[in-house]
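S.K.: sharing a model that was predicted from the sequence below.
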Amino acid sequence: MSEKAIFEKLQPYNYLVPNYTVVEGKGIELITPYSDVPVGEEFNGLLIKILRGSKVEGENTLPKIDGVLVEQLLAVCIDHLKTVNVGELASRETSTAITHLETAALWLMKRELDRKRNNVLGTYQK
């Protein structure tokens with residue numbers, strides 16, 4: 001896995017993703033590695049919380065978490081890659097990555113439709 005794919009899983013459904021900067025003459029650099037953040041200081045990164053919870057009363061054995069949907073994160077990635085994959089910067093590799101992200105989004109949409117059809121959407125039931 002690329003060193004650019006690092007993140008820290010704080011707990012289930014909560015992730016810290018570091019920020020990077022572009023340094024002239026050097027390239028992409030991590031702004032603040034986790035290990036360099038002194039205790040008590042704020043981490044310079046992005047906290048991503050993934051939505052968790054059930055609409056069925058009493059079914060939440062774990063606390064509900066407000067957050068984003070995986071489908072939203074995929075949509076952001078797809079949109080961004082399509083935006084930068086143009087002109088001279090367009091590449092087969094980026095086009096393939098877009099295709100695979102779109103495939104993942106389609107499978108999640110199928111899962112949602114199946115769960116809706118089975119009347120279990122928004123629950124922990126199969």
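M.R.: Okay, I see it.
S.K.: quick check: which element contains Thr103?
M.R.: Following DSSP states H and E, one finds Thr103 within helix 92-117.
S.K.: give me the mean pLDDT for that helix.
M.R.: Mean pLDDT, helix 92-117: 97.
S.K.: next: stretch 61-68.
M.R.: Across stretch 61-68, pLDDT averages out at 87.
S.K.: helices of the protein, start to end?
M.R.: Under the criterion DSSP state H, the chain contains helices at 70-84, 92-117.
S.K.: what sits against the residue located most distally from the centre of the chain?
M.R.: Residue distances from the centre of the chain (CA atoms, centre = their mean) peak at Gly25, which lies 29.7 Å from the mean C-alpha position. The neighbourhood of Gly25, defined by CB atoms under 8 Å, 6 or more residues apart in numbering, contains no residues. To be clear about C-beta, it is placed using only N, CA and C from the backbone, and glycine gets the same treatment.
S.K.: could you find the closest non-adjacent residue to the most centrally placed residue in the chain?
M.R.: Centroid-nearest residue in the chain, with CA atoms, centre = their mean: Leu73, separated by 4.6 Å. Distance criterion CB to CB, 6 or more residues apart in numbering; nearest residue to Leu73, sequence neighbours excluded, is Ile48 at 7.5 Å.
S.K.: tell me the confidence at the one you found?
M.R.: Residue-level pLDDT assigned to Ile48 equals 92.
S.K.: quickly list what it is bridged to.
M.R.: Tyr15 (DSSP bridges).
S.K.: and it, how many residues sit next to it?
M.R.: Ile48: 15 surrounding residues under other CB atoms under 10 Å.
S.K.: now do Ile31
M.R.: Residues lying near Ile31 (other CB under 10 Å) number 12.
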